[in-house]
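Undergrad: Test case, fold it:
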Amino acid sequence: MLRQAQTIFAKYRGRAFSAVASHPLSMSVKESWKEHRFGIYGAFAGGYVVHVVRCIYKRREHWYKVDGMLQDYNKRLEKHYRALRQLENDGKP
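TA: Below is the predicted model of the structure:
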């Protein structure tokens with residue numbers, strides 16, 4: 001199966017990309033890209049800004065969860081340390 005796929009890929013490798021590049025639809029896309037370049041760049045930049053803001057918000061939300069877990073862990077650890085110090089000092093739990 002893999003050998004057959006490799007043979008097909010080797011046979012049609014160069015043709016597919018050149019056929020797509022010279023297709024009339026791709027030519028019209030290229031022309032519209034040239035005409036509306038600023039709008040496309042603006043849409044891309046706006047989408048990227050929204051993505052970054054969403055990631056920052058998620059990271060902040062995650063940070064609050066992690067910080068709360070860390071504070072709980074430190075409280076439990078301090079409680080265990082107090083019990084150990086009391087055990088060392090008194091000899092009784």
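
Undergrad: going forward, measure contacts and count neighbours with C-alpha atoms only.
TA: Fine.

Undergrad: ok, now how distant is residue 82 from residue 69?
TA: 20 Å (CA to CA, to the nearest Å).

Undergrad: Point out where this structure drops to low pLDDT.
TA: Counting by pLDDT under 70, the chain has low-confidence residues at 1-2, 5-6, 8-27, 29-30, 32-33, 36-38, 91-93.

Undergrad: can you do 50?
TA: Regions of the chain meeting the criterion pLDDT under 50 are absent.

Undergrad: all helices of the chain, in order?
TA: Along the chain, the stretches classed as helices by DSSP state H are 2-21, 24-35, 37-90.

Undergrad: what about residue 53, distance to residue 72?
TA: Separation of residue 53 from residue 72 (CA to CA) stands at 29 Å.

Undergrad: my bad, residue 40
TA: Distance from residue 40 to residue 72, by CA to CA: 48 Å.

Undergrad: try residue 45
TA: In terms of CA to CA, residue 45 sits 41 Å off from residue 72.

Undergrad: Then residue 51?
TA: On the measure of CA to CA, residue 51 and residue 72 end up 32 Å apart.

Undergrad: What residues does residue 4 make contact with?
TA: Residues near residue 4 by CA atoms under 8 Å, 6 or more residues apart in numbering: none.

Undergrad: what domains does the record give for the protein?
TA: What automatic domain parsing lists as the domains of the chain is 1-35, 42-93.

Undergrad: Take stretch 53-70, keep the C-alpha atoms, and write them as PDB.
TA: This file holds the C-alpha atoms of stretch 53-70, laid out as PDB (Å, rounded to 0.1, in the frame of the first residue of the first chain):
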ATOM      1  CA  VAL A  53      -5.900  38.400  23.600                       C
ATOM      2  CA  ARG A  54      -7.800  35.200  23.900                       C
ATOM      3  CA  CYS A  55      -4.500  33.300  24.800                       C
ATOM      4  CA  ILE A  56      -3.600  35.900  27.400                       C
ATOM      5  CA  TYR A  57      -7.000  35.700  29.000                       C
ATOM      6  CA  LYS A  58      -6.900  31.900  29.100                       C
ATOM      7  CA  ARG A  59      -3.400  32.000  30.500                       C
ATOM      8  CA  ARG A  60      -4.500  34.400  33.200                       C
ATOM      9  CA  GLU A  61      -7.400  32.200  34.100                       C
ATOM     10  CA  HIS A  62      -5.200  29.200  34.300                       C
ATOM     11  CA  TRP A  63      -2.700  31.200  36.400                       C
ATOM     12  CA  TYR A  64      -5.400  31.900  39.000                       C
ATOM     13  CA  LYS A  65      -6.200  28.200  39.200                       C
ATOM     14  CA  VAL A  66      -2.500  27.200  39.500                       C
ATOM     15  CA  ASP A  67      -1.900  29.900  42.100                       C
ATOM     16  CA  GLY A  68      -4.800  28.700  44.200                       C
ATOM     17  CA  MET A  69      -3.600  25.200  44.100                       C
ATOM     18  CA  LEU A  70      -0.100  26.300  45.100                       C
END
